[in-house]
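**Student:** Dropping the sequence and predicted coords here.
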Amino acid sequence: MAAPEIDRVALLAGFDEVVAGVMRDWRVPGLAVAVVHGDDVLLEREFGFRDAERRLPVTPDTLFSIGSCTKAFTTASLGLLADDGLLDWDEPVRRYLPWFALRDPFASERITPRDLVTHRSGLPRHDLAWYGSPAPRRELVERLRFLEPNKDIRTVWQYQNLMYLAAGYLAGHVAGTEWEELVQRRIFDSLGMASSTFSVDSAQERSDIALPYQERDDEVRRLPFRNIDAVGPAGSIVASLADMTRWLRVQANDGASGGRRLLSEGQLAQMHAPQMVMPSSGRYPEVTNPSYGLGWAIESYRGHTVVQHGGNIDGFSALVALVPRERLGAVVLANLDGVPVPDVVAYGAFDRLLGLDIVPWNERFLGLKSEEKAGAKAGKERVAAAIVPHASPSHPLEAFVGEFANGGYGTLSVERGEEGLRLRLNGFAGPLVHQHYDVFEFEFAPSEERARFVFATDQHGEIASVAAPLEPTVGDIVFVRRPPVSMEEPAFLARFVGVYDLLGAPVTVAFKGSRALQLSAPGMPGYALAPWRGTTFRFAGLADFSVEFVEGEAGTIEAAILTQPNGTFRAPRRS
């Protein structure tokens, strides 16, 4: 006798009230949830407001940023290329991008597309190298060679968004297009995901979009949208519940939906299969054996395999989760920053559909939130207590002003504001608050993350660099002062070209290329001149040698003052 058909819709009776209660507890403005069984939709609901101030409701077509749930779209695009015979998961990336490089030469040669998307490159997060960066995608990939690893390749799982950026760039390159066009054509268009887009900029042109919110100091407030287009393959997709339900049905139905196949069963099986062991917190006995697939995390949940991935980006929290053997799936989208509500809702649905006792996930996470708030408060108090009183900076604040560069993180700017110094790094800007000596604190708003920036002087006593623990698992990230860009302009450099008389011997200053100078004298090699400040240049590679060009009353250069270990010498200009 055949087993009776399970009425799965009935198992979710009263679930709307559960979701509404969770939203109240976490003060979530708006939420959308769908639950599927294979290709069938069991539940599709919208709650609350996409715009809390104007009380505009969430609809099936309301757009939410899905954050790192984007990663599964990136691995799917690579899987489609693999099915096309254009890409091999296990061939070195350099087969497709010969210029690709990491700091570790061995990893540069061996890293594969599979390594890129399984968080085993050897690099820690280095998130501030990309977060809010104005650099284009290709440049961010090229900067990887400057980022310090903390592990050997394929030895440890470490979440790494930049590798997904590289994977998306690779996918676009192999397809002869951009990542966005590839995903649009092969996934969005194939599934009828007509509302989805790749940028908060284009999403804001639509009327039905959820606004981002954050709870801070016990108040829910609006956040600005943050553009992360350059690192899009790691987390920039903006999608509606209706569209994400189409995606969910494919994942829960062996790669097909509505009789149409998107992904081969072989590729989908790889994506949902463990590729790298993940560390386990051991906090919850119901969740064990965590691992990572291709764009998906895998775990054992109360005897059932769950495949899932969360997404958290400024003002939004999301989760896509599957129970593959039972062909169940859930997607939850919320417009509140960094909350576990999607997990509470999805796992609550799974408990009901799997016939399990209900785990009090909401109460557990609320308790954890209280612990975290207490810990954060204690941490701030410890930092404040460690400040040395009355310890002034070593220089006037104007001496700290300038641009400082790091190969992996880009340019850090220090400016003089009305009330002190201000810092700019990629998409972040705000006050540098003096702590003691040459140590200043910066808050990476809108988050509450803070870092201490320590300025250092060179042997001449001048502010030469600034360092901060922006990636705590490696050494401090050091930004070295760089000269104003104007000092590399040909018109500026041309003023110094000529011949100078140094104790009767001719010293020649000439262009080396179009944007650099070189100093030479008879019987001596030419020395490249590195811009420093004003009209002073340092000899590249020689710390104690410099030349300052002196202006006359008419504004023309009349002499060069050369400084070296055995003295300072004035060389009048001959021509």
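**Tutor:** Looks like it arrived, so ask away.
**Student:** Residue for residue, what is the longest helix this protein has?
**Tutor:** The residue-count maximum for a helix in the chain (DSSP state H) belongs to helix 361-385.
**Student:** How about that helix, which residues are buried there?
**Tutor:** 361-362, 365 (16 or more other C-beta atoms under 10 Å). Heads up, the C-betas are built off the backbone N, CA and C, glycines and all.
**Student:** Could I get the full set of strands for the stretch 151-300 of the chain?
**Tutor:** 213-216, 219-222, 238-240, 256-257, 260-261, 276-277, 287-292, 297-301 (DSSP state E, counting those that start in this stretch).
**Student:** Give me the distance from the one helix or strand in the chain whose mean pLDDT sits lowest to the chain's centre.
**Tutor:** Least confident helix or strand of the chain, by mean pLDDT, DSSP states H and E, is helix 361-385 with a mean of 86. Remark: helix 361-385 is offset 25 Å from the chain centroid, using C-alpha atoms, centre = their mean, to the nearest Å.
**Student:** tell me the domain ranges of this structure?
**Tutor:** Domain assignment for the chain by automatic domain parsing gives 8-373, 397-482, 486-572.
**Student:** next one: the longest one to chain centre, how far?
**Tutor:** Between the centre of domain 8-373 and the centre of its host chain there is 14 Å, according to C-alpha atoms, centre = their mean.
**Student:** how long is that domain end to end?
**Tutor:** Start-to-end span of domain 8-373 (C-alpha to C-alpha, to the nearest Å) is 39 Å.
**Student:** beta partners of the closest residue to residue 537 other than its chain neighbours?
**Tutor:** Among residues not flanking residue 537 along the chain, residue 529 sits closest, at 3.9 Å (C-beta to C-beta, 6 or more residues apart in numbering). Beta-bridge partners recorded for residue 529 (DSSP bridges): residue 517, residue 539.
**Student:** these two touch, right, residue 529 and residue 547?
**Tutor:** Yes. Using C-beta atoms under 8 Å, residue 529 is in contact with residue 547, at 6.7 Å.
**Student:** Find residues that contact each of these two.
**Tutor:** 519, 537, 539 (C-beta atoms under 8 Å, 6 or more residues apart in numbering).
**Student:** Can you say which of those are buried?
**Tutor:** The neighbour count (16+ other C-beta under 10 Å) marks 519, 537, 539 as buried among the shared contacts of residue 529 and residue 547.
**Student:** Now do stretch 510-525: everything it contacts.
**Tutor:** So stretch 510-525 is contacted by 488-490, 493-494, 496-497, 502, 505-509, 526-529, 537, 539, 547 (C-beta under 8 Å, 6+ apart).
**Student:** same thing with stretch 361-380?
**Tutor:** The list of residues contacting stretch 361-380 from outside it, by C-beta under 8 Å, 6+ apart, reads 21-22, 25, 284, 340, 343-344, 347-348, 448.
**Student:** Kindly report the same for stretch 202-218.
**Tutor:** 26-27, 29-30, 50-52, 58-59, 61-65, 195, 197, 220-225, 238, 240, 314-316, 333, 335-339, 446, 448.
**Student:** and those residues, which of them are in helices?
**Tutor:** Using DSSP H, the contacts of stretch 202-218 in helices are residue 26.
**Student:** From the contacts of stretch 202-218, keep the buried residues only.
**Tutor:** By 16+ other C-beta under 10 Å, these give 26, 29-30, 50-52, 58-59, 61-65, 195, 197, 223, 225, 238, 240, 314-316, 333, 335-337, 339, 446 as buried.
**Student:** Identify those among those that sit within strands.
**Tutor:** Mapping the buried ones among the contacts of stretch 202-218 onto strands (DSSP state E) picks out 30, 50-51, 63-65, 238, 240, 316, 333.
**Student:** Let's have these in CSV, adding distance to residue 123 and pLDDT.
**Tutor:** Below are those laid out as CSV (distance: C-beta to C-beta, whole Å; pLDDT from 0 to 100):
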residue, distance to residue 123, pLDDT
30, 35, 99
50, 36, 99
51, 39, 99
63, 32, 99
64, 29, 99
65, 25, 99
238, 27, 99
240, 33, 99
316, 25, 98
333, 30, 99
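**Student:** Could you dump these into TSV with distance to residue 294 added?
**Tutor:** Putting those into TSV (distance: C-beta to C-beta, whole Å) gives the following:
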residue	distance to residue 294
30	31
50	32
51	36
63	26
64	24
65	22
238	22
240	25
316	23
333	23
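**Student:** now, which of those residues sits nearest residue 324?
**Tutor:** The nearest member of these to residue 324, counting by C-beta to C-beta, is residue 333 at 21.3 Å.
**Student:** Buried ones in stretch 472-483, by neighbour count?
**Tutor:** Across stretch 472-483, burial judged by 16+ other C-beta under 10 Å covers 476-477, 479-483.
**Student:** Closest one to residue 267 out of the residues you listed, please.
**Tutor:** Using C-beta to C-beta, the buried residues of stretch 472-483 come closest to residue 267 at residue 477, 37.7 Å.
**Student:** need the contact list for the residue lying closest to residue 164 once chain neighbours are set aside.
**Tutor:** Using C-beta to C-beta, 6+ apart and skipping the chain neighbours, the partner closest in space to residue 164 is residue 234 (3.8 Å). Residue 234 makes contacts with 68, 70-71, 74, 161-162, 164-165, 168, 228, as judged by C-beta under 8 Å, 6+ apart.
**Student:** Give me the pLDDT for residue 390.
**Tutor:** You'll see residue 390 listed with a pLDDT of 89.
**Student:** quick one: it and residue 439, what's the gap?
**Tutor:** Distance, residue 390 to residue 439, by C-beta to C-beta, to the nearest Å: 14 Å.
**Student:** Give me the more crowded residue out of the two.
**Tutor:** Neighbour count, other C-beta atoms under 10 Å: between residue 390 and residue 439, residue 439 has more, with 18 against 5.
**Student:** How about the contacts made by the residue nearest to residue 537?
**Tutor:** 509, 516-519, 537-540, 547.
**Student:** Flag the least confident of those residues.
**Tutor:** Lowest model confidence among these falls on residue 540, which carries 90.
**Student:** That one touches residue 528, doesn't it?
**Tutor:** Yes. Residue 540 is in contact with residue 528 according to C-beta under 8 Å; the separation is 4.1 Å.
**Student:** Looking at those two, which is more packed in?
**Tutor:** Using other C-beta under 10 Å as the criterion, residue 540 and residue 528 rank with residue 528 on top: 16 against 12.
**Student:** what's the burial count for the residue lying closest to residue 178 once chain neighbours are set aside?
**Tutor:** Excluding the flanking residues, the one nearest residue 178 by C-beta to C-beta, 6+ apart is residue 172, at 4.5 Å. For residue 172, the number of neighbouring residues by other C-beta under 10 Å comes to 19.
**Student:** how close does residue 172 get to residue 145?
**Tutor:** From residue 172 to residue 145 the distance is 20 Å (C-beta to C-beta).
**Student:** all helices for the stretch 1-150 of the chain, in order.
**Tutor:** For the stretch 1-150 of the chain, applying DSSP state H, counting those that start in this stretch gives helices covering 8-11, 15-26, 71-83, 105-110, 113-116, 137-142.
**Student:** Out of the ones you listed, which gets nearest to residue 92?
**Tutor:** By C-beta to C-beta (comparing all of the helices of the stretch 1-150 of the chain), the closest turns out to be helix 105-110, at 6.2 Å.
**Student:** what's whichever strand or helix holds residue 571 packed up against?
**Tutor:** If you go by DSSP states H and E, residue 571 is part of strand 567-572. Judged by 3 or more C-beta pairs under 8 Å, 6 or more residues apart in numbering; DSSP states H and E, the packing partners of strand 567-572 are strand 498-502, strand 557-564.
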